[in-house]
Every structure is written in C-alpha cells, then in structure tokens.
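A.B. asks: I would like to see how this sequence folds:
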Amino acid sequence: MSYIGKNIKKIRTVKKLSQAAFAELFNLARPSVGAYEEERAEPKIDTVIQIANYFGLSVDVLLTKELTVNELYRFDIFTDGMNVNKISGSQKLDRTHPKNGIALVNLKQYIEYIVNHQNKDFLDKLSKINLPVTFKRKSRAFQLNGSEMEYNHNGLHHGDILLCVEREKTNKKDLNTGSVYVAVHKEDIICRRLSGLSKDKLILKSDDPNYELIEVNIEDLLELWEVKGVYSTYLNPPTVVESRILQIENELIELKKKMK
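C.D. replies: From the prediction side, this is the model:
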C-alpha cells in the first residue's frame, strides 16, 4: 500500500498550497493532484523523486509511511534555511560567531559550494553548527541528499547532517575501506561507503544494495571528507536481527514460565 496520495495532501495542507499551486511546482495537471490525493491514480516515480527532493523527504518514507503534521514541521528544520530557533540544546547553529563551530553546507548550497569550495569569503558566510564534539583535522558538515545510504529504514537518511573531517584524496594510507565519505566532485557532491581503491579511482557503494557501485576518478575530486558522526531527527526502527533476538528472548521467558 502506498501512502503517496495522503502524504501529498498532508504536505499541501502544511505548506498551505492549493492543488493548482502544487501542480505548478512539478509541472502536473491540477486534476492529476486531485486523483493522487483521492487514490484514483499514483504519480510516476520521477514525480515522486521530485516531490521528495523538493520538500527534503526520503522517497521511502514518502511512499511507505503516512506522515504527520509534526513530522513535516520537523523536516522544515532542514529545508527552511536551517532556522536556529528550531534546534534545541547545545546543537544550535551559530551565525553570530562565524569563526566558531563547523561550517555547514546545506542542500540548496551544493552547486554553489562546488564552485566556491576554495573561496574564503563564501566559506566564511556558511552557517555554523555548534556541537559538543571537536576534531583535530579540518572539519565540515554536509546535509545529506538522497536515500542511497538508507536501507530497510536504517542508516543515513535524506536531510541528516553529516559531520566530517578532511582526508587526503591522493593518500591511500589516509583512507579506510568500509568508512563513509562525502566526495566533492566537480559535478556533484555524493555520499557513499568506500568499497575499494585502485591506482586512480575510488570505488564507492551505497548501503542500499539496489544501487550500483560508483567509480570516481581521483583527479576529478575537489575534496574528500570522512564522515565521523551524524545529527539526525530520524529514529531508526530495530533491525530485523534485533527484532528476531527480542522475539527469541520473549519466547524463552514464556518457556521458563511453563517449565516452572
């Protein structure tokens, strides 16, 4: 069962968009939006991906879970300019002290960052996120784009904030197979797990096995960052193994009771 129709209606309600306004965003006919919401039809997967990317949602969540109003407002933390007042405790963005904290590259800044990754004025103007962690190396935070590192609702999710340290892209001793990296490429910024190394390429894989391996030419990389931590508002459900272990434990308890 797909929840896409209900979620489109919920998104429109929260964002205060008419069916016509929503249709215009994604080059759809207004009656099509009505058909989706009334579950008389479903959008093409390309349209689903566009909707997910535009509103900062995971395609998986958009299709398999009925979103609540509170969840949609929560996602706005990451899509509406990283509002400092919406993040509590010590995990606040600090725009008043640009030299403090970790510089954050959000989804809307990907292309601009690729062009200006060595521009000091641009880097100084990036939002800063203050967390109770310190790194000995140069650090950067990236907002994750896409759901390739998510599988069975576990892993890294679209919109998560990745805390990274810089690595020497040409120093193989500085790279760890199995670790997650953010690769700033001259055409895109991608997040994958390092699967292997060759003389002039990095072999990267998604945690979702449905995606193919990616080979990236080292000379085409502008920067390489190793992910050391993540800030996420998504609570991962128990894995299949954890659920099975819990079930076995409960069965053992019941068995002991019967034996007594």
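A.B. asks: quick one: the helices in this structure?
C.D. replies: Remark: helices assigned in the chain by DSSP state H are 4-15, 19-25, 30-37, 45-55, 59-64, 69-79, 110-116, 120-125, 240-259.
A.B. asks: quick one: buried residues of the fourth one?
C.D. replies: I take that to be helix 45-55. Using 16 or more other C-beta atoms under 10 Å as the test for burial, helix 45-55 gives 47-48, 50-52, 55. Bear in mind the C-beta positions are built from the backbone N, C-alpha and C, glycine included.
A.B. asks: of the residues you listed, closest to F142?
C.D. replies: The shortest gap between F142 and any of those belongs to A52, at 18.3 Å (C-beta to C-beta).
A.B. asks: where does the prediction get shaky in the stretch 101-250 of the chain?
C.D. replies: 235-246 (pLDDT under 70).
A.B. asks: dump the buried residues of helix 45-55 to JSON lines, plus distance to Y211 and pLDDT.
C.D. replies: Shown next, in JSON lines, are the buried residues of helix 45-55 (distance: C-beta to C-beta, whole Å; pLDDT from 0 to 100):
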{"residue": "T47", "distance to Y211": "20", "pLDDT": "89"}
{"residue": "V48", "distance to Y211": "17", "pLDDT": "88"}
{"residue": "Q50", "distance to Y211": "19", "pLDDT": "86"}
{"residue": "I51", "distance to Y211": "20", "pLDDT": "88"}
{"residue": "A52", "distance to Y211": "16", "pLDDT": "83"}
{"residue": "F55", "distance to Y211": "22", "pLDDT": "79"}
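A.B. asks: now the residue nearest the centre of the chain. Nearest residue, chain neighbours left out?
C.D. replies: In the chain, the C-alpha nearest the mean C-alpha coordinate belongs to H158, at 2.2 Å (C-alpha atoms, centre = their mean). Of all residues not flanking H158 in the chain, S58 sits nearest, at 4.5 Å (C-beta to C-beta, 6 or more residues apart in numbering).
A.B. asks: so that neighbour versus I51, what's the distance?
C.D. replies: 11 Å (C-beta to C-beta, to the nearest Å).
A.B. asks: domains of this structure?
C.D. replies: 4-79, 87-231 (automatic domain parsing).
A.B. asks: for I253, find the nearest of those.
C.D. replies: domain 87-231 (26.4 Å).
A.B. asks: now do stretch 39-52: everything it contacts.
C.D. replies: For stretch 39-52, the external contacting residues (C-beta atoms under 8 Å, 6 or more residues apart in numbering) are 2, 4-6, 8, 11, 26, 28, 32, 35-36, 57-59, 62-63, 147, 158.
A.B. asks: hmm, 6 Å instead?
C.D. replies: Residues from elsewhere that reach stretch 39-52, judged by C-beta atoms under 6 Å, 6 or more residues apart in numbering: 4-5, 26, 35-36, 59, 62.
A.B. asks: scan those residues and report the most crowded one.
C.D. replies: Highest neighbour count within these, by other C-beta atoms under 10 Å: Y36, with 26 neighbours.
A.B. asks: quick one: contacts for that one?
C.D. replies: 5, 8, 43.
A.B. asks: how about the nearest residue to it, chain neighbours excluded?
C.D. replies: Per C-beta to C-beta, 6+ apart, closest to Y36 is G5, 4.8 Å.
A.B. asks: let me know the distance separating the one you found from F55.
C.D. replies: Taken as C-beta to C-beta, the span from G5 to F55 is 15 Å.
A.B. asks: now the contacts of stretch 39-52 as CSV including pLDDT?
C.D. replies: Converted to CSV, the contacts of stretch 39-52 look like this (pLDDT from 0 to 100):
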residue, pLDDT
I4, 91
G5, 91
F26, 90
A35, 93
Y36, 93
V59, 80
L62, 84
